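**Student:** my questions concern the predicted model and sequence given below.
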Amino acid sequence: MIPSCESGCGSSRRRWRARLRKLPRDRTNQLSLRGPKGRSNLRRPRRLLRRVAARNDKKEQGMPVTAIVGGHWGDEGKGKVVDALAAGANLVIRYNGGNNAGHTVVSERGTLRLHQVPSGICYAEVDCVIGPGVVVNPAALFEELDMLEAAGISTARLRISDRAHLVFPFHVEVDETVEVARGPKAHGTTRRGIWPVYAEKAARTGIRAGDLLEPQFLQERLNEASRRATALLGRTVTAGELWYLCEEWSDRLIPYVVDTHPLVQAALRRDDAILLEGQLGVMRDLDWGAYPYVTSSTCLAGGACAGAGIPPQRIGRVIGVVKAYSTAVGAGPMPTELGDGLGARLRELG
């Protein structure tokens, strides 16, 4: 069996094959544990492994990919952390969620409330990517872009993955209808249409940003979407009204839509400093949170890999953001919740 690198990155596999060919073998072509003078050959491979691991560790410490993760129920201040770290970054990638959560950034340009645009947008030299793991509400995104441009912040370095799914008004309506139907067992959703889009994504029936670039294919998808929306809402949703929305969005949205994979891979090859920005926190994670009072995407560092397009071994640092006291976004149990005047005061302060 070929030994693997102690760092777990697997990068030394090819070098090991070459070195193993040079190690002494017996007549059955098996590796010999003893050298020509009876001494063990194991010391040399151990030294080689230590050197390889040291090189990998040094490289990771130089320009790590950093994932920012909320350690509570959300509302920990991740946006402020990303904004501070972005000063030394080359690329910031938003990897999950949609406009159902917000990051507040306070700068010399004023207070900016960002819901979909990565928090690194305030730095002119930083590229910002809305990754394939995000669901994009174009109408809400345009409002953010208008706010940023009014504050004198350029959005020219923003890119949206062509794999990101789009939120339509009927998704918001479905979200509201189902949440009301839950009655006292409501999940506390933001009613922004987020979970219906993720549900369609899992069912392989969603509309992606890149579909706007293929009108014929988009028309077929909209026909299917209109039939599903009609069945879910009990009223007629036509493909024509969905097509009109897409036409209205396209002029402004399409210039931002690209295949972000080559962009991200190029940044990795250059060893650029990359920040992965997530929304909410571990207690709202779909798999590890307080189910069913959770969001519809993965909030952990592992989810950043798929949601941003980053290989797991390239994440060299994970920063968990917490507050001195816990606050929760949404409904569901919170074991340490204070229902007295002190709790009200803390909620007022944020």
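**Tutor:** On my side now, so go ahead. Numbering: from 1, shown residues only.
**Student:** in three-state terms, label residue 173 for me.
**Tutor:** Three-state call for residue 173 (DSSP: H, G, I helix; E, B strand; the rest coil): helix.
**Student:** and the nearest residue in space to it that is not next to it in sequence, what does it touch?
**Tutor:** Excluding the flanking residues, the one nearest residue 173 by C-beta to C-beta, 6 or more residues apart in numbering is residue 233, at 6.0 Å. To be clear about C-beta, it is placed using only N, CA and C from the backbone, and glycine gets the same treatment. Listed by C-beta atoms under 8 Å, 6 or more residues apart in numbering, the contact set of residue 233 reads 170, 173, 174, 177.
**Student:** now the first one: closest residue in space that isn't a chain neighbour?
**Tutor:** Going back to what we said before, that points to residue 170. Nearest-residue entry for residue 170: residue 229, 4.2 Å, with adjacent residues in sequence omitted and distances by C-beta to C-beta, 6+ apart.
**Student:** assumed that neighbour was part of a helix.
**Tutor:** Yes - assessed with three-state DSSP, residue 229 lies in a helix.
**Student:** that one contacts residue 238, doesn't it?
**Tutor:** No - taking contacts as C-beta atoms under 8 Å, residue 229 lies outside contact range of residue 238: 9.3 Å.
**Student:** name the residue in those two with the higher neighbour count.
**Tutor:** Taking neighbours as other C-beta atoms under 10 Å, residue 229 and residue 238 compare with residue 229 leading, 23 against 13.
**Student:** ok, the more buried one - contacts?
**Tutor:** By C-beta under 8 Å, 6+ apart, the neighbours of residue 229 are 168, 170, 174, 237.
**Student:** just give me the closest of these to residue 334.
**Tutor:** residue 174 (27.2 Å; C-beta to C-beta).
**Student:** got the confidence number for that closest one?
**Tutor:** Looking at residue 174, its pLDDT reads 94.
**Student:** the helices in the stretch 1-150 of the chain, which residues?
**Tutor:** For the stretch 1-150 of the chain, applying DSSP state H, counting those that start in this stretch gives helices covering 13-22, 43-62, 78-85, 138-150.
**Student:** from the contact counts, what lies against the last one?
**Tutor:** Secondary structure elements in contact with helix 138-150, counted by 3 or more C-beta pairs under 8 Å, 6 or more residues apart in numbering; DSSP states H and E, are strand 110-114, helix 239-253.
**Student:** and residue 135, what are its bridge partners?
**Tutor:** residue 165 (DSSP bridges).
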